[in-house]
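Colleague: the sequence isn't on hand, but the structure is:
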């Protein structure tokens, strides 16, 4: 089972994360986001069901945050906030 799902909604691309997003999933996540996300879209992330986010997954998300017109976070989890703290990166996703 894929631990992420993408759903286009107008000018927003919704990304739902569940379970573990690790190096095993980073390539498929990057490929899916690259083919789905446009530079004029908002990337909205729901990380409420996320259990673990490693450096590879975080790197994909940060690259997409730079590409997207805007980034939002509809729901966070402890794993989400811990990953940004662990890798000393500021979170570019604003909570809505």
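Modeller: Thanks, I have it. What you see is a predicted model, and the numbers here were worked out from it, not measured in a lab.

Colleague: most centrally placed residue in the chain?
Modeller: Centroid check for the chain by Cα atoms, centre = their mean gives residue 61 as the closest residue, at 4.6 Å.

Colleague: quick check: it is in a helix.
Modeller: Yes - with DSSP: H, G, I helix; E, B strand; the rest coil as the criterion, residue 61 is located in a helix.

Colleague: just give me how far the strand or helix carrying residue 13 sits from the chain centre.
Modeller: Using DSSP states H and E, the element containing residue 13 is strand 12-21. The chain centroid and the centroid of strand 12-21 are separated by 6 Å under Cα atoms, centre = their mean, to the nearest Å.

Colleague: start at 79, not 1
Modeller: Renumbered: residue one is now 79, and that last one reads strand 90-99.

Colleague: next one: whichever helix or strand comes after that strand to chain centre, how far?
Modeller: Once the chain leaves strand 90-99, the next helix or strand it forms, by DSSP H and E, is helix 101-114. Its chain's average C-alpha position is 10 Å from that of helix 101-114, according to Cα atoms, centre = their mean.

Colleague: helix 101-114 versus strand 90-99: what angle between them?
Modeller: Using axes from the mean of the first three to the mean of the last three Cα atoms, to 10 degrees, the direction of helix 101-114 lies 170 degrees away from that of strand 90-99.

Colleague: list of residues touching the longest strand seen in the chain?
Modeller: Secondary structure assigned by DSSP state E gives strand 120-131 as the longest strand of the chain. Applying Cβ atoms under 8 Å, 6 or more residues apart in numbering, the contact partners of strand 120-131 are 89-100, 111, 115, 139, 142-143, 146-155, 157-158, 160-161, 171, 174. To be clear about C-beta, it is placed using only N, CA and C from the backbone, and glycine gets the same treatment.
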